[in-house]
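> Okay, sequence plus prediction incoming.
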Amino acid sequence: MARSTPVKKALRSLTWLVILMAVLAGLNTAASILASTTKDDTDKWFAGASWVPELALDLQGGTQLTLAAQNTEGGSVTSQQLNQAVNIIRQRINATGVSESQINTQGTNNIVVSIPGKPDQATIDRIEAAAKLTFRPVLYTEAATNTAVGGSDGASASPTPYTPPASLQATPSTKPTNGSDLSQVTPALQALYTNYDCNAPDDVTAAPDDEPLVTCDQDGAAKYILGPVEVSGSGISNATSGLATDSQGASTGQWAVNLTFSGKSSDDFRDVTSRLVKLQAPQNQFAIVLDGTVITAPASNAAITNGKAQITGNFTADSAKTLADQLKYGALPINFQVQSNENISATLGTAQLVGGLVAGLIGLILVIIYSVIQYRALAFVTVLSLGVAAALTYLVIAIMSWRVDYRLSLAGVAGLIVAIGITADSFIVYFERIRDELRDGRGLEGAVESGWRRALRTILASDSINFLAAVVLYILAVSDVKGFAFTLLLTTLIDVVVVVLFTHPMMQLIARSRFFGEGHKFSGLDPSALGAVYRGRAQFRAPVVDGKRQQRSAGEAQRRQTIAERKAREAAGDNGTTPDGKDD
């Protein structure tokens, strides 16, 4: 098998880089074409695809919702409840990516949510929803007839909720023994159930937790009498979506939401399922109720003792993920009433964005000027490396804008500017390692390979520190700072890709060129200009020039000696003078 030469390795690395950039560019191009030509909303994977990255609230403006908090148990809303609600809403919005939204409290019971751009209705519904999740036992259920009450023919153009007559008994004659006790079904409750119209539901979200509830499912296809709340959704520690599996571990092809309970809720769930499994249908069903509407009411086939449950039903991948995102962060402690929904202008705007880009351009120009002064013709590798890094960064940001709702804020622009320094630092380390090898008397091709092995460790160590700092900042920070951290993390990873797949391969190729290989004085790799006289083990190459350069070269040789080499020279009788007789 033929040995892989540095040139072959370089060409292979550059080929992988071209493939990577072609895949990213092709993906974004195809997505943009499909997004502009497809009118069907069924394919949401490409929704919003564009070559222009989305901007955050500070640069683009967006939508502002003002939510008035209402305590479901009466009384005023506490500051702790309001702060908890802010955290939950922020987690819901950011569940699909770094959206750069702003969620703040206003006064004693308002929350102001500002979202960049124009959010879709699903996002707005997610913010507005109280998402009060409860688990109630089923007492009765049947297909909904949707019979409206109020017209002479049993129908009404504007149906209104039915109210049982005051003459009907509304309290149980005997005290119920548990949540499944049918004695809770009073004449008044039965009349409400019989006449309940799923097209004109009552305010089920405000129903007391300790009383039975008449409601319908999400599609209005079935209505229920449910017992009191026996397990609260606030006890859910985690919720994920995925394909359901059977007892053998094989996929059923049905989407499901997996719930994990913690603490007291796990014990409550165990006690209720242990009771329901002994009852006949429909009383063996445990309804999962979200904001007063039944999501699903599965039958209890066994007592669930490990605190892990699974919700199945007519879920799609999107609806299962949406529900899991809502439930994963627990039920909001309070309900909300939307007081205003209005468009807002950018807090910073185009001028600040242009200013940030100009600052980045100035920084880039300064880096290029420094490279030209320090590395002469070698600076073109610097420019090309920065160009490749910029292209990769733009492609990734453009794709993330429509795929994970990433939005570029002014803080994110600052992260991109910092990335210029990160990339410049990497090739400076590499170039200086190559120069060190040339000073040691190596040829350029050997110096490139040896210097790369030494430089790679330093580059990876430096980028690892940047990466860890970005991760910690992203976890602990919020809002704009989180966007900066995310951008810094992304550009750090891209820096490693560029150095490995472009900068090093380019150096392998130019090392074989006559201009650089022979050490032209404008190449930046001239051995004589670098003082390349030291051969190692106290051996020196004869100076090739006289005068000041000769003195500098001899001085460089002595400074680079180890202690052992210096002692060996003294033992041999070297008086430590330069060739012209002067002390060095």
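Yes, it's here.
> From now on I want contacts and neighbour counts done on CA atoms only, so please keep to that.
Will do.
> What's the mean pLDDT across stretch 213-233?
For stretch 213-233, the mean per-residue pLDDT is 87.
> which parts of stretch 59-76 are buried?
Judged by neighbour count using 16 or more other C-alpha atoms under 10 Å, the buried positions of stretch 59-76 are 59-70, 72.
> Flag every buried residue along stretch 467-483.
Using 16+ other C-alpha under 10 Å as the test for burial, stretch 467-483 gives 467, 470, 471, 473, 474, 479, 480, 481, 482, 483.
> Quick check: the nearest residue to the last one once chain neighbours are set aside vs residue 516, distance?
Leaving aside its sequence neighbours, residue 483 sits nearest to residue 412 (C-alpha to C-alpha, 6 or more residues apart in numbering; 5.4 Å). Summarising the geometry, the distance separating residue 412 from residue 516, computed by C-alpha to C-alpha, to the nearest Å, is 38 Å.
> Just the closest of the buried residues of stretch 467-483 to residue 512, please.
Set against residue 512, the nearest of the buried residues of stretch 467-483 by C-alpha to C-alpha is residue 467 (34.5 Å).
> List the contacts of the closest one.
488, 489, 492, 493 (C-alpha atoms under 8 Å, 6 or more residues apart in numbering).
> and the last one, what is it in contact with?
For residue 493, the set of contacting residues under the criterion of C-alpha under 8 Å, 6+ apart consists of 463, 467.
> so which helix or strand takes in it?
Using DSSP states H and E, residue 493 maps to helix 479-498.
> ok, residue 423 - how many residues close by?
For residue 423, the count of nearby residues is 23 (other C-alpha atoms under 10 Å).
> Surely it forms part of a helix?
Yes: under DSSP: H, G, I helix; E, B strand; the rest coil, residue 423 falls within a helix.
> separation between it and residue 380?
To residue 380, residue 423 is 14 Å away according to C-alpha to C-alpha.
> hang on, residue 113 packs against residue 93?
No: using C-alpha atoms under 8 Å, residue 113 makes no contact with residue 93, being 9.8 Å away.
> re earlier: and the next helix or strand past the helix holding residue 493?
Assigned by DSSP H and E, the successor of helix 479-498 is helix 504-510.
> Can you spell out which helices and strands pack onto the first helix or strand past that following helix going along the chain?
For helix 504-510, the succeeding helix or strand toward the C-terminus, using DSSP H and E, is helix 514-517. Other helices and strands packing on helix 514-517, by 3 or more C-alpha pairs under 8 Å, 6 or more residues apart in numbering; DSSP states H and E, are helix 444-476.
> who touches stretch 519-526?
For stretch 519-526, contacts defined as C-alpha under 8 Å, 6+ apart pick out 374, 375, 376, 377, 378, 435, 438, 515, 516, 518, 527, 529.
> Now do the helix holding residue 493 and helix 444-476, the angle between them.
With axes from the mean of the first three to the mean of the last three C-alpha atoms, to 10 degrees applied, the angle from helix 479-498 to helix 444-476 works out at 160 degrees.
> and residue 258, backbone torsions?
phi -100, psi 130 (degrees, to the nearest 10).
> okay, now it: neighbour count?
20.
> Leaving out chain neighbours, which residue sits closest to it?
Spatial nearest neighbour of residue 258, excluding adjacent residues (C-alpha to C-alpha, 6+ apart): residue 310 at 4.4 Å.
> Now do the same for that neighbour: its pLDDT.
79.
> And the buried residues of stretch 467-483, which is closest to residue 264?
Nearest to residue 264 among the buried residues of stretch 467-483, counting by C-alpha to C-alpha, is residue 474 at 32.3 Å.
> pretty sure the closest one contacts residue 485?
Yes: between residue 474 and residue 485 there is a contact under C-alpha under 8 Å: 5.2 Å.
> what about residue 335, is that helix, strand or coil?
strand.
> ok, so of the buried residues of stretch 59-76, who is nearest residue 11?
Distance ranking of those against residue 11, using C-alpha to C-alpha, places residue 59 first at 41.4 Å.
> Next secondary structure after whatever helix or strand that closest one lives in?
Per DSSP H and E: residue 59 is located in helix 57-60. Where DSSP H and E defines the elements, the next helix or strand beyond helix 57-60 is strand 62-71.
> Beyond that next one, next helix or strand please.
Counting by DSSP H and E, the next helix or strand C-terminal to strand 62-71 is helix 79-93.
> And that following helix, what does it pack against?
Using 3+ C-alpha pairs under 8 Å, 6+ apart, helix 79-93 sits against strand 102-106, helix 121-128.
> out of these, deepest packed?
Greatest average neighbour count among those goes to strand 102-106 (a mean of 17), per mean count of other C-alpha atoms under 10 Å.
> Parallel or antiparallel, which strands does whichever helix or strand comes after it pair with?
Counting by DSSP H and E, the next helix or strand C-terminal to strand 102-106 is strand 110-116. Strands that pair with strand 110-116, judged by DSSP bridges, come out as strand 62-71 (antiparallel), strand 102-106 (antiparallel).
> and strand 110-116, average pLDDT?
On average, the pLDDT along strand 110-116 is 84.
> So what's the gap between it and the chain middle?
20 Å (C-alpha atoms, centre = their mean, to the nearest Å).
> Rounded mean pLDDT for stretch 345-362, please.
Mean predicted confidence for stretch 345-362 is 73.
> go on, stretch 390-402?
Averaging pLDDT along stretch 390-402 yields 90.
> then it to PDB, C-alphas only?
As requested, the backbone C-alpha atoms of stretch 390-402 are provided in PDB (Å, rounded to 0.1, in the frame of the first residue of the first chain):
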ATOM      1  CA  ALA A 390     -16.600  33.500   7.800                       C
ATOM      2  CA  ALA A 391     -18.300  31.500   5.100                       C
ATOM      3  CA  LEU A 392     -18.800  28.500   7.300                       C
ATOM      4  CA  THR A 393     -20.200  30.700  10.100                       C
ATOM      5  CA  TYR A 394     -22.600  32.400   7.800                       C
ATOM      6  CA  LEU A 395     -23.900  29.100   6.400                       C
ATOM      7  CA  VAL A 396     -24.400  27.600   9.800                       C
ATOM      8  CA  ILE A 397     -26.200  30.700  11.200                       C
ATOM      9  CA  ALA A 398     -28.400  30.900   8.100                       C
ATOM     10  CA  ILE A 399     -29.500  27.300   8.500                       C
ATOM     11  CA  MET A 400     -30.000  27.600  12.300                       C
ATOM     12  CA  SER A 401     -32.100  30.700  11.800                       C
ATOM     13  CA  TRP A 402     -34.900  28.700  10.100                       C
END
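> ok so, going back, check the buried residues of stretch 467-483 and tell me the two furthest apart.
Taking C-alpha to C-alpha, the two most distant members of the buried residues of stretch 467-483 are 467 and 479; they sit 19.1 Å apart.
> Verify the contact between residue 320 and residue 258 for me.
No: under the criterion of C-alpha under 8 Å, residue 320 is not in contact with residue 258, lying 9.6 Å apart.
> anything in contact with each of these two?
Contacts common to residue 320 and residue 258, judged by C-alpha under 8 Å, 6+ apart, are 241, 242.
> So which bits of the one helix or strand residue 134 maps to are buried?
Taking DSSP H and E as the criterion, residue 134 maps to strand 133-143. Neighbour-count burial for strand 133-143 flags 133, 134, 135, 136, 137, 138, 139, 140, 141 (criterion: 16+ other C-alpha under 10 Å).
> ok, so of those, who is nearest residue 183?
Distance to residue 183 across the buried residues of strand 133-143 (C-alpha to C-alpha) is lowest for residue 139, with 10.0 Å.
> Just list the residues touching the closest one, thanks.
Counting by C-alpha under 8 Å, 6+ apart, residue 139 makes contact with 180, 181, 182, 224, 225, 226, 227, 282, 283.
> now do 10 Å
179-185, 212-214, 224-227, 281-287 (C-alpha atoms under 10 Å, 6 or more residues apart in numbering).
> If any of these are buried, give me the ChimeraX selection for them.
Selection of buried members from the contacts of residue 139 for ChimeraX, criterion 16+ other C-alpha under 10 Å:
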select :179,180,182,183,184,185,212,213,214,224,225,226,227,282,283,284,285,286,287
